[in-house]
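Novice: no sequence for this one, just the structure:
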């Protein structure tokens, strides 16, 4: 009988030791993140592909780098300007960037080398398609672009990807019935200001700094695009399912909209990486994205839309294991 009690005591002792070891292991993992010199803390140089000057991608990348410097002090982020979503997806796949922001339609459309290696960290915010014309223009809908000089974004941009589909949805031939001008955002707004362009397409978070600044010295209007959502979805292109009907609220560009909402089309942005990226680094950067929402949102309104509840919906890509580990750690 005493022998049985002895075994019970040993068993309780072993269980206590096992529990203590588990607690110490968890504490060690936590300390490795919090204390200087922790061996498991991410470190090194990474490249983050952003977008065109004065675009939301670029501004968001700059602010996220500042936030990440506090959360991951041993990680140095180099921001790489790009032409936009299409360019960013290709850079990731080719190993020329470690992280990037890109619209989900551009991700879905990419079928080049290493497409299967692409992974997502988070769904961020929506881009809103903006068709900008002079205030006195006779362009009231996309079909009125026939015969016009239209800025459609640079060749590797997500803007041009969307513009091509929208022009087709409007019943126009992109190369024959409009005069497409492949320029970046700054050049397109200057072209509208000088009269070299009749209109330009832009796809970005709200508000986009360049469009807002253009409105300060040029009378412009935003053309509704809601009539294109059905013909868009009817196109023989799987990527068009990522477009949805949306409304630009009156306060997006108050000097332009004058308390009127503008019906348009939106597409979700994703924070991307690849399966090459270290799990700890991806987990840490994903944590910074979610934690920094309010801070970045004070300067980039679109970032206020980043939400832990929707961040995991990253179709057409699966979550990177490091990002998935972060979401599991904060799951109620």
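Specialist: Great, that's in hand. Everything numeric here is computed off the predicted structure, so don't read it as measured data.
Novice: what's the domain layout of this structure?
Specialist: Here the domain assignment for the chain is 44-121+272-330, 127-268, based on automatic domain parsing.
Novice: Distance across the first one, terminal residue to terminal residue?
Specialist: Between the opening and closing residues of domain 44-121+272-330 lies a distance of 26 Å (Cα to Cα, to the nearest Å).
Novice: can you tell me the average pLDDT over that domain?
Specialist: Here domain 44-121+272-330 scores 94 as its mean pLDDT.
Novice: about what we covered before: want to try TSV for the domains of the chain, with mean neighbour count as columns?
Specialist: Every C-beta, even on glycine, is put in place using the N, C-alpha and C of the backbone. Below are those laid out as TSV (neighbours: other Cβ atoms under 10 Å):
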stretch	mean neighbour count
domain 44-121+272-330	20
domain 127-268	19
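Novice: where along this structure do the strands fall?
Specialist: Under the criterion DSSP state E, strands of the chain are mapped to 44-49, 75-80, 99-103, 118-134, 149-151, 179-181, 199-204, 220-222, 244-248, 262-274.
Novice: Name the nearest residue to residue 90, ignoring sequence neighbours.
Specialist: Distances taken as Cβ to Cβ, 6 or more residues apart in numbering place residue 112 nearest to residue 90, at 6.5 Å, with adjacent residues excluded.
Novice: Ramachandran angles for that neighbour?
Specialist: Torsion angles at residue 112 (phi, psi; degrees, to the nearest 10) stand at phi -80, psi -170.
Novice: Now do the helices in the protein.
Specialist: Counting by DSSP state H, one finds helices in the chain at the ranges 2-34, 56-71, 85-93, 104-109, 158-169, 185-194, 209-217, 229-233, 254-257, 279-291, 293-297, 321-330.
Novice: Could I get those helices in a markdown table, plus columns for distance to residue 129?
Specialist: Listed next are those as a markdown table, based on distance: least, Cβ to Cβ, whole Å:
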| stretch | distance to residue 129 |
| --- | --- |
| helix 2-34 | 40 |
| helix 56-71 | 13 |
| helix 85-93 | 13 |
| helix 104-109 | 11 |
| helix 158-169 | 6 |
| helix 185-194 | 13 |
| helix 209-217 | 12 |
| helix 229-233 | 10 |
| helix 254-257 | 15 |
| helix 279-291 | 24 |
| helix 293-297 | 22 |
| helix 321-330 | 28 |
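Novice: Between those, which one is closest to residue 117.
Specialist: The closest of the helices of the chain to residue 117 is helix 85-93. By Cβ to Cβ, the value is 6.7 Å.
Novice: What is the closest one packed up against?
Specialist: In terms of contacts (3 or more Cβ pairs under 8 Å, 6 or more residues apart in numbering; DSSP states H and E), helix 85-93 is packed against strand 44-49, strand 99-103, helix 104-109, strand 118-134, helix 158-169, strand 262-274.
Novice: Many thanks, we can stop here.
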